[in-house]
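# task: produce atomic coordinates for the following.
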Amino acid sequence: MAAKRPPALDRIDVKILAALQRDGRSTIQKLAQTVGLSPRASLERVRRLEASGVIAGYQAVVELSRLARPVNVFAEIILEKQANRRRFENRLAAIEDVVECWEVSGTVDYMARFVCADLAAYEELTGELIDDPDLGVARIVSHVALRPVRRFSGYPESLLARKLV
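Numbering: from 1, shown residues only. Sure thing, here's the model as predicted:
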């Protein structure tokens with residue numbers, strides 16, 4: 001089955017996407033006022049964007065510091081052999097403490113973000129990854145996060161508007 005092509009976006013679609021990134025719980029009435037459409041037309045556009053996969057879902061932003069004092073660690077991960085890539089990626093995907101991971105170019109293979117209860121838990125996790133010969137992890141360089149300077153709050157509207165009709 002061929003992949004479904006995303007719909008062509010116009011300026012109103014971009015306004016809808018930008019507004020929902022700022023407030024995913026916005027009512028259709030409020031969204032309609034923001035973008036200058038009727039509530040029904042706004043709802044139809046949101047449903048079209050959801051059905052096409054442009055809007056992949058909604059989630060709550062949890063302020064974890066109000067619940068716990070976890071440690072955030074950004075890890076540069078280097079594999080010995082690229083042949084182990086799939087096995088390594090599957091293992092990382094199964095670790096709950098890995099909240100984000102990117103394959104990257106340059107001198108490292110992956111950048112992963114771990115959020116663990118403490119440094120001991122992080123050390124145990126990375127020790128298991130390095131000690132598993134089936135994964136082929138050559139090295140992990142860890143950077144403990146001190147404080148957030150800017151958190152992800154949505155993509156720039158200029159990137160959302162790249163393919164306007």
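# from here on, contacts and neighbour counts on C-alpha atoms
Noted.
# just the strands in the chain please.
In the chain, the strands defined using DSSP state E lie at 71-79, 98-103, 110-116, 137-144.
# where's the shortest one relative to the chain centroid, distance-wise?
When you say that, I think you mean strand 98-103. In terms of Cα atoms, centre = their mean, to the nearest Å, the centre of strand 98-103 is set 8 Å apart from its chain centre.
# who does that strand pair up with?
Strand 98-103 has the following sheet partners, assigned by DSSP bridges: strand 110-116 (antiparallel).
# the first one too?
Counting by DSSP bridges, the strands paired with strand 71-79 are strand 110-116 (antiparallel), strand 137-144 (antiparallel).
# how near is residue 53 to residue 47?
Look at residue 53 and residue 47: by Cα to Cα, to the nearest Å, they are 10 Å apart.
# residues contacting residue 129?
With contact set as Cα atoms under 8 Å, 6 or more residues apart in numbering, residue 129 has these partners: 135, 137.
# and the residue nearest the centre of the chain?
In the chain, the residue lying closest to the centroid (Cα atoms, centre = their mean) is residue 100, at 6.4 Å.
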